[in-house]
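Colleague: this one's sequence-less:
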Ligand SMILES: Cc1cc2nc3c(=O)[nH]c(=O)nc-3n(C[C@H](O)[C@H](O)[C@H](O)COP(=O)(O)O)c2cc1C
Ligand SMILES: CCCCC(=O)C(=O)O
């Protein structure tokens, strides 16, 4: 028997020699540490060589496929990036293109993440961080983590269980969830699956009676916050989307094809509404007067999503907004080349602690979460990463993405010596010139 690590089933000789077998397993590039201990345990318990060989094959199978490049089970993932190729493999090209696309050549989308590389973390030593608390309180509700789920439309394009699977994973992991107006699932169903409230993201429409009905329905279902997205003016030019669509003849009308009629077709939030006067969900000519009008009917909290400048943050305060999400729609609103993490400090300065400021765009690592909090965000949202998990593996995929990010975040939180979120401060980071 050779002890050289390879993917073959161990020979009978290896199975009869306990020491050789353990070395063989430990050196295996295709077994996880837990698979190794399961096999060693079976060996110690006196399993037959046939049974061991069989278990070995079962345990190495998924890992073997992962070695080929794309993960085939959520537990194989080392980081959230591992889910993207798996999602791409699972989805029809047009659906993947919809998820992946930004605007024009995706420069803002790319910079949203890359800009985090310009920020270094200042770690601290000799602080007891064996026990840490990552909870945040927003609008009176305490969440066990500052990692929240951004509104993403049409999740039926990614998985049959759509937002219901996401809501269940968010419930288990304690993450806040924001449902899109053009989600594939109703707010009542999402709240039932989550076993608790979610926030509701509003695309206003250009018919006030429809807008008002959407808000009333969301609040009646139990949404404590209405998130008005203000960053889209209409259609957008995205080369990625068009490239993928060109390669796919599938009809996407049921999930995410453009144009108002398609956007609301089979979108449960529009069930029972007369949408005959609506022509648009964005590009509605919305101004601050609309915010005032909405403010008057929203009983709970009103959040603006898509603010990226100090000027607009100051105006938002004057209009009685309860929180801001610094966002460029994940690089899907405009090719501005301004990553959100660089816009965050000026918005935080303008708001001056009067209301919470959240951020999304390009957050892919626990270190990104920490950097955003250090620069003044109260919480952060992720968009595409949880959809990669959803597309690839459904609810367990979303849960794995959330668990990985949380684990990475806790690790770096300990390294900066923070035992609670409030202990993550501007001194936790250093922005490179
Ligand atoms: C496929 C897709 C659909 C989206 N749909 C919405 C939406 O309906 N409403 C909204 O406010 N933002 C929407 N967004 C933007 C997200 O809420 C969020 O701002 C963005 O995804 C964050 O960036 P990230 O994907 O890099 O994490 C969407 C994003 C994606 C990728
Ligand atoms: C179909 C409605 C647009 C959803 C959206 O906000 C996005 O695709 O980014």
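Modeller: Noted; the coordinates are in hand. Being a predicted model, the structure only gives us computed values, none of them experimental. Residues are numbered from 1 along each chain as shown. Ligands and ions are numbered 1, 2, ... in the order given.
Colleague: how near is the closest residue to residue 283 other than its chain neighbours to ligand 1?
Modeller: The shortest distance from residue 283 to any non-neighbouring residue, by Cβ to Cβ, 6 or more residues apart in numbering, is to residue 234 (3.3 Å). (Each C-beta comes from the backbone N, C-alpha and C, glycine too.) Remark: distance between residue 234 and ligand 1 (Cβ to the nearest ligand atom, to the nearest Å) = 14 Å.
Colleague: Ok, residue 92 next?
Modeller: Computed as Cβ to the nearest ligand atom, the residue 92 to ligand 1 distance reads 14 Å.
Colleague: Distance of that residue relative to residue 300?
Modeller: Plainly put, residue 92 is 38 Å away from residue 300 if you go by Cβ to Cβ, to the nearest Å.
Colleague: Specify which residue of the two has the higher count of neighbours.
Modeller: Of the pair residue 92 and residue 300, residue 300 is the one with more neighbours under other Cβ atoms under 10 Å, namely 18 against 15.
Colleague: List the contacts of the more buried one.
Modeller: Taking Cβ atoms under 8 Å, 6 or more residues apart in numbering, we find residue 300 in contact with 139, 219, 223, 224, 225, 226.
Colleague: that's a strand at residue 226, yeah?
Modeller: Yes - under DSSP: H, G, I helix; E, B strand; the rest coil, residue 226 sits within a strand.
Colleague: Can you give me the neighbour number for it?
Modeller: By other Cβ under 10 Å, neighbour count at residue 226 equals 23.
Colleague: how about residue 231, what does it touch?
Modeller: With contact set as Cβ under 8 Å, 6+ apart, residue 231 has these partners: 305, 306, 308, 327, 328, 329, 333, 334.
Colleague: pretty sure the residue nearest to residue 283 is touching residue 282, no?
Modeller: Yes - under the criterion of Cβ atoms under 8 Å, residue 234 makes contact with residue 282 at 6.2 Å.
Colleague: who has more neighbours, those two?
Modeller: Between residue 234 and residue 282, residue 282 has the larger neighbour count (other Cβ under 10 Å), namely 20 against 9.
Colleague: Next, residue 374: phi, psi?
Modeller: Torsion angles at residue 374 (phi, psi; degrees, to the nearest 10) stand at phi -60, psi -30.
Colleague: Neighbours of it, how many?
Modeller: For residue 374, the count of nearby residues is 21 (other Cβ under 10 Å).
Colleague: likewise residue 277?
Modeller: As a burial measure, residue 277 scores 11 neighbours (other Cβ under 10 Å).
Colleague: Need the pLDDT of the residue lying closest to residue 358 once chain neighbours are set aside.
Modeller: Nearest non-adjacent residue to residue 358, counting by Cβ to Cβ, 6+ apart: residue 325, 4.5 Å away. Looking at residue 325, its pLDDT reads 99.
Colleague: What helices and strands are in contact with the host helix or strand of residue 312?
Modeller: With secondary structure defined by DSSP states H and E, residue 312 is part of helix 310-318. Judged by 3 or more Cβ pairs under 8 Å, 6 or more residues apart in numbering; DSSP states H and E, the packing partners of helix 310-318 are strand 301-307, helix 340-351.
Colleague: where's it relative to the chain centroid, distance-wise?
Modeller: In terms of Cα atoms, centre = their mean, to the nearest Å, the centre of helix 310-318 is set 27 Å apart from its chain centre.
Colleague: in that helix, what's buried?
Modeller: Neighbour counts using 16 or more other Cβ atoms under 10 Å place 310, 312, 313, 315, 316 of helix 310-318 among the buried residues.
Colleague: how about these in a markdown table, adding distance to ligand 2 and pLDDT?
Modeller: Below are the buried residues of helix 310-318 laid out as a markdown table (distance: Cβ to the nearest ligand atom, whole Å; pLDDT from 0 to 100):
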| residue | distance to ligand 2 | pLDDT |
| --- | --- | --- |
| 310 | 25 | 98 |
| 312 | 19 | 98 |
| 313 | 22 | 98 |
| 315 | 23 | 98 |
| 316 | 20 | 98 |
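Colleague: restrict the residues you listed to contacts with ligand 1.
Modeller: Subset of the buried residues of helix 310-318 in contact with ligand 1: empty, counting by Cβ under 6 Å from any ligand atom.
Colleague: Between the residues you listed, which sits nearest residue 163?
Modeller: Residue 163 has its nearest neighbour among the buried residues of helix 310-318 in residue 316, at 27.6 Å by Cβ to Cβ.
Colleague: With ligand 2 as the reference, measure out to the residue nearest to the closest one when sequence neighbours are not counted.
Modeller: Nearest residue to residue 316 in three dimensions, chain neighbours excluded: residue 304, at 5.4 Å (Cβ to Cβ, 6+ apart). According to Cβ to the nearest ligand atom, residue 304 and ligand 2 sit 15 Å apart.
Colleague: thinking again about what came up before, so after the helix holding residue 312, what's the next helix or strand?
Modeller: Using DSSP H and E, the helix or strand that follows helix 310-318 in sequence is strand 323-326.
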